[in-house]
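[1] coordinates only, sequence not included:
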């Protein structure tokens, strides 16, 4: 005996088999996006901490030198600093070390860079020309004193390489674009009044 259309329709509406699979198909993309965003945010925070650690550590090692340093020694310290960022990378950080002298016996003393080194990727070079004027915080402008300044920069690229089409389709916009991270530390020489760098 054939069932009436009304009976079949009623049974169809009451049948909940497969509902969980359909619900999961709707929710799964949201869960995956939340998971990957959480992973990326955690990684970005950890990398940002490392950027600060690089500036602190490099500045500390330079400031502890007693009888000056060689250019090769400064370059080795920069390499050690860059290694802190691992296993994240590429790109590698840019690290700039500057030895700064605050002029003596002047009403408004200038801050002059006596020597500098820069690590950019794997390339090492002089950051600025000797005796270049620079700016330092007013509270550090003590006449005839020296400072070591370390600046670390990193253009953080997310581990997940979203392309523009994928970001647009998922509605992420610029959420996974490059984040510019930077940190700067000032330290005073600890073992001597100033630190010479031979060959810098």
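    That came through, no problem. As the structure is a prediction and not an experimental result, all values here were calculated from the model.
[2] From what I see, residue 178 and residue 155 are in contact.
    Yes. Contact criterion CB atoms under 8 Å: residue 178 and residue 155 qualify, at 4.9 Å. Every C-beta, even on glycine, is put in place using the N, C-alpha and C of the backbone.
[3] any idea which helix or strand carries residue 81?
    helix 71-83 (DSSP states H and E).
[4] got the buried residues for that helix?
    Buried residues in helix 71-83, defined by neighbour count with 16 or more other CB atoms under 10 Å: 73-75, 77-78, 81-82.
[5] And stretch 61-72, by the same measure?
    Neighbour-count burial for stretch 61-72 [16+ other CB under 10 Å]: 61-63, 65, 69.
[6] what do you get for stretch 122-139?
    In terms of neighbour count (16+ other CB under 10 Å), stretch 122-139 has its buried residues at 124, 127.
[7] got the contact list for it?
    Contact with stretch 122-139 is made by 75, 78, 92, 96-98, 100, 102, 110-118, 147, 149, 186, 200, as judged by CB atoms under 8 Å, 6 or more residues apart in numbering.
[8] what's the following helix or strand after the lowest-mean-pLDDT helix or strand in the chain?
    When each helix and strand of the chain is scored by mean pLDDT, DSSP states H and E, helix 164-170 comes last, with a mean of 55. Downstream of helix 164-170, the first helix or strand assigned by DSSP H and E is strand 179-187.
[9] What pairs with that following strand, parallel or antiparallel?
    Sheet partners assigned to strand 179-187 using DSSP bridges are listed as strand 146-156 (antiparallel).
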